[in-house]
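Asks: my questions concern the predicted model and sequence given below.
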Amino acid sequence: MLEISRRWQEEWYFRGIFEGRVDNSRPKFFITVPYPYVQGPPHIGHGRTFTISDIVARLKRMQGYNVLFPIAWHITGTPIQSVADRISKGDAEIRSLYEWYVGIYVKDKEEASRIIESFKDPWNIAKFFAGHYEEDLKMLGPSIDFTRQFTTGDPEYSSFIIWQYYKLRELGFIAQGKHSVLFAPAEGQAVGEHDIRGGDEINIEMLEFNLVKFRWGDKHLVAATFRPETIFGATNIWINPAATYVEARVNGETWIVSKQAAWKLSYQDKEVKVIREVSGRELLGVQAVNPATGSFLYVLPASFVDDDTGTGVVYSVPAHAPFDYAALMDLAGVDDEFGRIARSISPVGIIRVEGYGEWPAADIVGRMGIRSQGDRGKLEEATKAIYRDEYYSGVMRDNTPFPGIKVSEAKERAVQLLREKGAWDIMYETEPRLIYTRGGNRVIVAVIRDQWFLNYGHPEWKPKIREALESMKIIPSSYRVNFESTVNWLGMRPCARKRGLGTRLPWDNEWIIESLSDSTIYMAFYTVARHVKDGEVSKVLGELASKVIGSNGSDEDSLNKLLSFYDYVFLGKGQPLILPEVARRAREEFSYWYPVDQRHSGIDLVGNHLSFFIAHHAAIFPREMWPRSITLNNFVIRNGQKMSRSLGNVLPLREAVGNYPPDMVRLYVAYEADLENLLDWKDKEVAVVLSRLITFWRVANEIISMPAEPMSEYKPSLPSEWLLNSVDKALLAAPSLIDGMRIREYVLDSFFNMLNAVEVYMELKDELPESKVVLREFLRRWLVLLSPLMPHLTEELWHRLGNSSMLSLEQWIVPAREPSDAVERAVGIVFRTIDDARELLRIKGKANSIHIYVGPSNELYDLVRTISSKIAEGRDVGAIIRELTGDPRFSGIKQRIPDLVRRMISGQLPRDVVDREAEMSAFKYFKRVMERRLGVSVVIHDALNPGSDLGGKARAALPGRPSIFIE
RNA sequence: GCGGGGGUACCCGAGCAUGGUCAAAGGGGGCGGGUUUAGGUCCCGUUGGCGAAGGCCUGCGUGGGUUCAAAUCCCACCCCCCGCCCCA
């Protein structure tokens, strides 16, 4: 099967049957998947996303749409860059990872090692994996047009991004300002998660501390806190006597903070000049002024104070901060000058909160049995608990300027008040505090002054984003809320960095547009890629791009040329100043394919890329070019575990499609889970699916091998009708299932259920003269039905069946007549009866034969049908019984009415019946099947005219519920 | 905290929108049987309890409620997972 699959892939891609060409006589369908970021090989998760979109693409193609399903490669940003950096530095961890990655493709060790060496240049990483990505994807057989591929580092792509960013700038959606980032001072650069040791496992946050300045002579002791509202309850100031502090000029003032803090602050947009070092001990005993109250506070020693957190200066609020309370108690037990001061201090409660007394911190310290400030774990827990309770349900007391105000609000007011007094500032810290780059250097927060932002919150932008979102279909629809909340909080978003691959910001070329910002409207670029990739054209656009960037946008001539080209192509505005003929063709193609009909993606992109995708379309394109729908699927896990590099259990796509036929991989990922759910790649279950696929292959080939005797006229027997009906029903249902992205149901119906049906039919085929013709016809329709799902095997079988056309390009079959489900229901009764009989056999033990009495009087069928419809109308038991006993039609079986109604209402009897003829016929035809399943001989009797009425069972037969006698 | 999703049998997992045919699909695992020199594969059956005739009892996170009828609808509670920005 593997070999057959490869053969068809070669055939498809060699003949280029999936290449999209403008054809105005046919409706178009433009489907895209986010271009993969090529820092490594694709894995089975990509396989899921691509398979699902390919099922859609293939169905649409068979339905007569001109389908475009393109792909490209994303290389922008810092991850590839930092891999290159790490390889250059000889990082062993990354090297072994890439030995594995490269080893997937290159078996020769030396060769592989040479390739990894070349990865010191990030472009080589991108090129290597982009190339292999294409091969790997092709092994899955997707109907992708690979001729439009590009990378985001191509010169013509840069020219396109330049156009996009000038458009956004014209609209006023780009801003510049201050911004905090994670930063490694020793390396002199901002770092991303992938640059941080353990960065993929931990969740790194940036915390904002409030700084409060306590005047001490002409200097300020600067304390850091998360709870500025507690300033009114401050009783003293804590300093760690063992730590090193500094006196430093900060923005024209003299601050006293820890040495560590001064270092950090110097990166946070502050002018910091250290004058001298001071030991913590020297500061003890001095008095500083609380800026909020004017009272003097002593500086006292506390060991819990960490000079690497905040400023190393803490103002003490023993009533509300467990650490402070514990430290105060500790100190009060010491027999010295500071102990005496501590004993004189009484906590000041300033917040009222239910469940606590006047000093909540004292309560919780007592409750949790905390002994001293050394009890860090418990104290941190206590701090968290108090914070939560006070923040959400606490109210300020009368001894503060904000009596009765909720803590959450008082917080802001306190900041306001301190600000007005010039006693407030801000400082950032990371959480967790101590994080390091992979090179081992400390990471802190730095504030950048001239960061470029996209202002998604712009009053002319956000409403349009909302409008675009509203106009789109989101499937599964449960994700719509996620989009809505993303759009709600979208505001200023940095769009450029100083490191990494990508296009430089054309008017400020120190900056590189980052990867989530240069990947928002590139689907438009697919439509024109064929035209602009051409050597000469590419050269022209590339040169213009580099002139614009090189001149920081001041080369107006180049800029105008570039902008005029894309303005014309994408917006139909003005006339192109360059390449008019190319522009005309590109324009034509863009106008044909756009907008994007469907964008299919993993759910991880909802909160960023997909929302930006909507936003940028809304900003730049007219409404009729806005995307039509977004569809999503969840991740893939493996044997119950998350796939992650650190666990080493990532399943590369090539390994999956190298070991199994591609159709099996497709079948598995499409069937195993609904889109919303995690898909578990379980090795055991993969084997099960494979065995079903083999059965399919065997059955299909058996049908093909049967000599085809033409039979012009035949009357299909009930089983034949049943089989053809089933496939017709599935053919009818599949398009709407796939449109609604109910892929799993489509697979269940079309593959698994159909396979079961045909296996049953095969048991009967020898008794049915028309079976061969029926089976061939069935197979023809079935192959069409399955082609989107498993294109390789169906393509092969299609040809073995004697067709010379390409199944992938065949028309979908729309059944000529409405399939009836009466036959199906009749067959369903047979199978239910088999289950019943089996249970009886089990209880009875041994049996020679089973007698089944089918088909009571037509009168009874009528009655049951009538009861059923009355129940459906919602009548109650009494009413139905009264009505029917009065009905002359049923006068002969009056006495059975109450019992039947009762049993049908309670669900003991099936409500959904067929007529007598169909039911009898089903039992006659399926007798063989019953015997095989039950392992004993089966005798079917007409209940109205039984050959022998064993055990008086004939009279017990009911519609849809034959009676059974075991002998 | 806010927003979203979820708790179903030994395990994974469907069902819930449209209540009844649900002791609850499918798979894994277990058990029994067949094939096999053996093992694996494969095939069949079984896997809440009771039952000598198709039935009864218990049962879908916990506790209530609506209904002739609840895994499914309503209310409250407990627990779990995911997202919450400059990272692709």
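Replies: All right, it came through fine. Source: prediction; values computed, not measured.
Asks: check contacts around the closest residue to residue A:685 other than its chain neighbours.
Replies: With C-beta to C-beta, 6 or more residues apart in numbering as the criterion, residue A:685 has its nearest non-adjacent residue at 7.1 Å, and that residue is residue A:672. Just so you know, the C-beta spots here come from the backbone N, C-alpha and C atoms, and that holds for glycine as well. Contact analysis of residue A:672 by C-beta atoms under 8 Å, 6 or more residues apart in numbering lists A:679, A:680, A:681, A:685, A:689.
Asks: what helix or strand does the last one sit in?
Replies: So that's residue A:689. Secondary structure from DSSP states H and E places residue A:689 in helix A:683-705.
Asks: which helices and strands sit right next to that helix?
Replies: helix A:662-671, helix A:754-764, helix A:771-786, helix A:791-800 (3 or more C-beta pairs under 8 Å, 6 or more residues apart in numbering; DSSP states H and E).
Asks: nearest to RNA strand B, of the ones you listed?
Replies: Ranking the helices and strands packed on helix A:683-705 by their distance to RNA strand B (criterion: C-beta to the nearest atom of the strand) puts helix A:754-764 first, at 8.2 Å.
Asks: ok so, going back, so the very next helix or strand once past the helix holding residue A:689 versus helix A:754-764, what angle?
Replies: With elements assigned by DSSP H and E, the helix or strand that comes after helix A:683-705 is helix A:718-739. Note on geometry: by axes from the mean of the first three to the mean of the last three C-alpha atoms, to 10 degrees, helix A:718-739 and helix A:754-764 are set 170 degrees apart in direction.
Asks: run the chain-centre distance for helix A:718-739.
Replies: In terms of C-alpha atoms, centre = their mean, to the nearest Å, the gap separating the centre of helix A:718-739 from the centre of its chain is 32 Å.
Asks: ok and the residue in the stretch 701-850 of chain A nearest RNA strand B?
Replies: Distances from the stretch 701-850 of chain A to RNA strand B, computed as C-beta to the nearest atom of the strand, single out residue A:836 as the nearest residue at 3.9 Å.
Asks: now the strands for the stretch 151-300 of chain A?
Replies: Applying DSSP state E, counting those that start in this stretch to the stretch 151-300 of chain A gives strands spanning A:174-184, A:189-190, A:205-216, A:219-225, A:236-239, A:244-250, A:253-258, A:272-279, A:287-289, A:296-301.
Asks: residue A:903 is nearest to which of these?
Replies: If you check each of those against residue A:903 by C-beta to C-beta, strand A:205-216 wins as the nearest, at 63.2 Å.
Asks: re earlier: what comes into contact with the helix holding residue A:689?
Replies: Counting contacts by C-beta under 8 Å, 6+ apart, the residues outside helix A:683-705 that touch it are A:1, A:639, A:660-661, A:663-664, A:667-668, A:671-672, A:751-752, A:755, A:758-759, A:762, A:775-776, A:778-779, A:782-783, A:790, A:793, A:797, A:800-801.
Asks: whether it contacts RNA strand B - can you check?
Replies: Yes: contact between helix A:683-705 and RNA strand B, assessed by C-beta under 7 Å from any atom of the strand, occurs at A:684, A:685, A:687, A:688, A:691, A:695.
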